[in-house]
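**Student:** would you be able to build a 3D model of this:
(chains A and B)
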Amino acid sequence: MGRAIDWLLASAAGVVLAVMIQLNSQLAAHSSAFFASWIAHGVGAVVALFLVAAASWLARFGRDAGDAAGPLPRLSAPFWAYLGGIPGAFTVVLAAIAVNGGLTLSATLALMLVGQMAFGMAADSFGWFGLARRPLAARELLGALALLAGSAILLLRGNES
Amino acid sequence: MTILILLALLNGGLIAASRSINGRLGMSIGALRSSFWNHLGGLFLLTVLLAAVGLSDLDRAFGAPPAAYCGGALGALFVAMSSRVLPRLGAVTTLTLVIGGQMATGLVIDYPIWGMPPDPLRIAAVALIILGAVLMRGASRGVTHCNSALIRPAGRCEGGSIRCLAERRDRVPSQSDMR
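**Tutor:** Purely as a prediction, here's the structure:
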């Protein structure tokens, strides 16, 4: 039963992501991509703060919430680990430009996935982030093809309208 | 349109980079706090950029529907949801469900907005995408919220290295799901 809830939660997370990009892009259409990103990060910071407080509060009652895979004890973070917001700021900007530029939300999401996977593949091949270098399996190349094919369909379908 | 395609692809790389960096922070202070610092850092950078460039047409922004201002909240919410689910379901299941939910929603939203009904061909495209992601699951770092479970490499763990600490910490039943 708990499993089912986790499955729902994971699917809902995907829904949340797509809706987020749509909403941010909508705001960008009414103002500018950078303004939308600024608002999104401001609102997000406040909500994140609230969630941290809520999780701490719930933890006091022994309830596990949100940070299930919690922090590692006595593991300090290097300074660069705090810089995720720098590329992050531009993710809202670029997504808004693509969606508002006429690429549909579906095609934009698909292409972003391709980019994410390409990054992962490169990280594996070259051993970034302290990862063990790992040659790519045929299965993964096949997966890349499927991913590209699906993205192409969504893109080309989009052009017909 | 080619430019837009390139921008979207580049965006994917930026997203993965951002999530990997946040994931490293999350290993130290937890995913939710990491998300806060991520948003704060971006806010700071954007404040500087906007102050330098200047804001024109600001009154246009007030014409946006209130819902359009809520995107940021969803971003923080996503981190909370995925970080809860990832250790319980494992990387592959989480990846599949998140991507499935994401692409299905894209199809649904594109219907009224772009007049594109989710016909069999587009649904097949989404199925291909999900299949492709699952086949590439080893490269899925930075797709779902990246916590250490995705950064963790395969191979032996040595002593007090970060990988080792992560492996010991993440010893939950769903580990067998991961590559």
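**Student:** what ranges does chain B have for its helices?
**Tutor:** For chain B, the helices defined by DSSP state H cover B:2-29, B:31-53, B:58-61, B:71-89, B:91-114, B:120-135, B:148-151, B:162-169.
**Student:** repeat that for chain A.
**Tutor:** According to DSSP H, the helices that chain A contains are A:2-30, A:33-60, A:85-100, A:105-126, A:138-160.
**Student:** nearest to residue B:34, of those?
**Tutor:** Evaluated over these, closeness to residue B:34 peaks at helix A:33-60, with 9.0 Å, by C-beta to C-beta. Using the backbone N, CA and C atoms, a C-beta is placed for each residue, glycine as well.
**Student:** what is the closest one packed up against?
**Tutor:** Here helix A:33-60 touches helix A:2-30, helix A:85-100, helix B:31-53, helix B:71-89, going by 3 or more C-beta pairs under 8 Å, 6 or more residues apart in numbering or on different chains; DSSP states H and E.
**Student:** where in the chain is the helix or strand with the lowest mean pLDDT?
**Tutor:** You didn't say which chain, so I picked chain A. The helix or strand with the lowest mean pLDDT-type score in chain A, counting by mean pLDDT, DSSP states H and E, is helix A:138-160 (a mean of 86).
**Student:** can you look at chain B instead?
**Tutor:** The helix or strand of chain B with the poorest confidence is helix B:148-151; it has a mean of 40 (mean pLDDT, DSSP H and E).
**Student:** which residues sit in contact with the residue of chain B found nearest chain A?
**Tutor:** Proximity of chain B to chain A (C-beta to the nearest C-beta) peaks at residue B:12, 1.7 Å away. Going by C-beta atoms under 8 Å, 6 or more residues apart in numbering or on different chains, residue B:12 touches A:111-119.
**Student:** can you give me the pLDDT of it?
**Tutor:** The predicted structure scores residue B:12 at 95 on the pLDDT scale.
**Student:** which non-adjacent residue is nearest it?
**Tutor:** In space, residue B:12 comes closest to residue A:115 once its chain neighbours are excluded; the distance is 1.7 Å by C-beta to C-beta, 6 or more residues apart in numbering or on different chains.
**Student:** I'd like to know how far residue A:11 sits from residue B:82.
**Tutor:** In this structure, residue A:11 lies at 11 Å from residue B:82, with C-beta to C-beta, to the nearest Å as the measure.
**Student:** name the residue in the two with the higher neighbour count.
**Tutor:** With other C-beta atoms under 10 Å in any protein chain shown as the criterion, residue A:11 and residue B:82 differ in neighbour count, and residue B:82 comes out ahead with 27 against 21.
**Student:** one step back: would you single out the least confident of the helices of chain B?
**Tutor:** helix B:148-151 (a mean of 40).
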